[in-house]
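Student: structure, please.
(one chain, ligands or ions: 1)
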Amino acid sequence: MLEVRDLCMRFGGLLAVDGVSVDVHEREIVSIIGPNGAGKTTVFNCISGFYQPSAGTIKLEGQAIERMPDFKISRLGMVRTFQHVRLFNSMTVLENLLVAQHRRVNRNLLSGLFMTPNYRRREQEAQDRAVYWLKKVNLLEFANREAGYLAYGQQRRLEIARCMVSQPRLLLLDEPAAGLNPRETRELDSLIVSLKEDYNVSILLIEHDMSLVMGISDRITVVNQGRPLATGTPEEIRGNEAVIKAYLGEA
Ligand SMILES: Nc1ncnc2c1ncn2[C@@H]1O[C@H](COP(=O)(O)OP(=O)(O)OP(=O)(O)O)[C@@H](O)[C@H]1O
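Tutor: Purely as a prediction, here's the structure:
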């Protein structure tokens, strides 16, 4: 479903990403790992349309997207979270999920002004979908609380719910376990697996928490200093000499 080939991204004199290729198939969890500064987030920013890559191709369901802006890419069914949570802090938890669907729901200003039956039906569907996902991520009791007052782990779950109300086929998660305690990480683990198994969503994940990555990934791509180092199953990666060396080098 996602096919990234020979991706390069240059910032002035720095080649931050140099020849990275990644595939994500239907209902697959693929992780990108690598030491700090390896280029993982830059790969994400290219895939999700935040950056135009300096070279390489990116195809989503066969369609070239490497020159497409991010809002168009999300309409094609690929959405992302960010390394640092980006919510509307002064809106309620529920409002955050309604705003995320607004572009899809409120297409026609006139139908909104006159509250046509069609408009009301779509508003109701958006509300139902928001409540559904709040239940799923255990945040329903906080629906009317301002998002900025949620604990950090709850904000991370709200971010995932915000992605899911737009009914994506491919979800990009940038370090979703960062800052979570062990119990929250276990909950995140089962949430991600459920997105794949119960909702047919494919997942591309950047994560430093190795037990999470090893436990849920179907395949892993390792990058080091912008370059691809290895691709394989968790078992293959765990035993890969070059990978072990790159990580030991960091420590
Ligand atoms: N907008 C930018 N302008 C200039 N250099 C950048 C930019 N974004 C990233 N870089 C550089 O590119 C390299 C790769 O950074 P990137 O954030 O992609 O790494 P990462 O693997 O995601 O790191 P981490 O695991 O610490 O989040 C780094 O040297 C970084 O300083």
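
Student: need phi/psi at Leu170.
Tutor: Backbone geometry at Leu170, expressed as degrees, to the nearest 10, gives phi -130, psi 130.

Student: do you know how far the nearest residue to Arg86 once chain neighbours are set aside is from Leu191?
Tutor: Leaving aside its sequence neighbours, Arg86 sits nearest to Glu159 (C-beta to C-beta, 6 or more residues apart in numbering; 7.5 Å). Placement of C-beta: from N, CA and C, glycine included. The spacing between Glu159 and Leu191, counted by C-beta to C-beta, to the nearest Å, is 12 Å.

Student: mind checking what secondary structure the closest residue to Leu140 other than its chain neighbours has?
Tutor: Nearest residue to Leu140, sequence neighbours excluded (C-beta to C-beta, 6+ apart): Leu134, at 4.4 Å. Under DSSP: H, G, I helix; E, B strand; the rest coil, Leu134 falls in the helix class.

Student: what is the burial count for the residue nearest to Arg86?
Tutor: Glu159 has 23 neighbours, counted by other C-beta atoms under 10 Å.

Student: tell me which element it is part of?
Tutor: Take DSSP states H and E as the rule and Glu159 turns out to sit in helix 152-164.

Student: report the strands that pair with the helix or strand following that helix, each with its relative direction.
Tutor: Going down the chain from helix 152-164, the next helix or strand is strand 170-174, by DSSP H and E. Sheet pairing of strand 170-174 (DSSP bridges) gives strand 78-80 (parallel), strand 202-206 (parallel).

Student: least reliable of the ones you listed going by mean pLDDT?
Tutor: Out of the strands paired with strand 170-174, strand 78-80 stands lowest, with a mean of 93 (criterion: mean pLDDT).

Student: just the residues contacting that strand, thanks.
Tutor: The contact list for strand 78-80, computed with C-beta atoms under 8 Å, 6 or more residues apart in numbering, reads 2, 44, 47-48, 60, 163, 166, 168-174.

Student: and the angle for the helix holding Glu159 with strand 170-174?
Tutor: Put simply, helix 152-164 runs at 160 degrees to strand 170-174, going by axes from the mean of the first three to the mean of the last three C-alpha atoms, to 10 degrees.

Student: for helix 152-164, name the packing helices and strands.
Tutor: If you count contacts as 3 or more C-beta pairs under 8 Å, 6 or more residues apart in numbering; DSSP states H and E, helix 152-164 packs onto helix 93-105, helix 117-136, strand 170-174, helix 182-199.
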